[in-house]
Structure formats: structure tokens, C-alpha cells
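Visitor: model the structure of this input:
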Amino acid sequence: MNQLLTFLLALSLRLDVRRLRRDERGSVTTEHVLWAVAVIAIVGIVVAAVKAYVTSQAGNIK
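Guide: Okay, the predicted model is just below:
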């Protein structure tokens, strides 16, 4: 009986470890998505700044 309980406990712990590993894999994907959003936002700010500069300089042309 003790061997059966030990086996079931070990099996349960092993399955929990596998579940935890799967959960950690998704965090890398989330991190990549957040970095991609940050890069897109920075590029958008740079594009807006360049566009504003070019528009203001174009207004100075005689």
C-alpha cells in the first residue's frame, strides 16, 4: 500500500512539474510581444518627430 501511495505521489509531482514548465514557456512569448509593442511605439514616436520637423522646415521654404 505504501509503495502505491509513493508511486502516485511521485507521478502527481512529476505532472505538476511538467505543467509548471509549460507555464514558463508562455512567458517568453509574452516578453517578446511586449518588446515588439515597445519597439513599434518608439518607431511611431520617431516617425512623428521626423514628420513634424520636415513639415516645419517645408513651411520655411520661399
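
Visitor: residues near Lys51, how many?
Guide: Using other CB atoms under 10 Å, Lys51 has 10 other residues around it. Quick note: C-beta positions are derived from backbone N, CA and C, even for glycine.

Visitor: just the pLDDT at it, thanks.
Guide: pLDDT, Lys51: 94.

Visitor: tell me how far it lies from Val28.
Guide: Remark: distance between Lys51 and Val28 (CB to CB, to the nearest Å) = 35 Å.

Visitor: remind me which residues of this structure are low pLDDT?
Guide: The model of the chain has pLDDT under 70 over residues 1, 11, 15-27.

Visitor: what segments of it are strands?
Guide: With DSSP state E, there are no strands along the chain.

Visitor: which parts of this protein are helices?
Guide: 2-59 (DSSP state H).

Visitor: distance of Ile42 relative to Ser12?
Guide: Using CB to CB, we find Ile42 at a distance of 46 Å from Ser12.

Visitor: what does Ala38 give?
Guide: Taken as CB to CB, the span from Ala38 to Ser12 is 40 Å.

Visitor: how many neighbours does Ala38 have?
Guide: Neighbours of Ala38 under the rule other CB under 10 Å: 10.

Visitor: Ala58 now?
Guide: By the criterion of other CB under 10 Å, Ala58 has 8 neighbours.

Visitor: check Leu8 too.
Guide: Using other CB under 10 Å, Leu8 is surrounded by 10 other residues.

Visitor: before we move on, what about Ile40?
Guide: Neighbour count for Ile40, taken as other CB under 10 Å: 10.

Visitor: Ala36 now?
Guide: A count of neighbours around Ala36, defined by other CB under 10 Å, yields 10.
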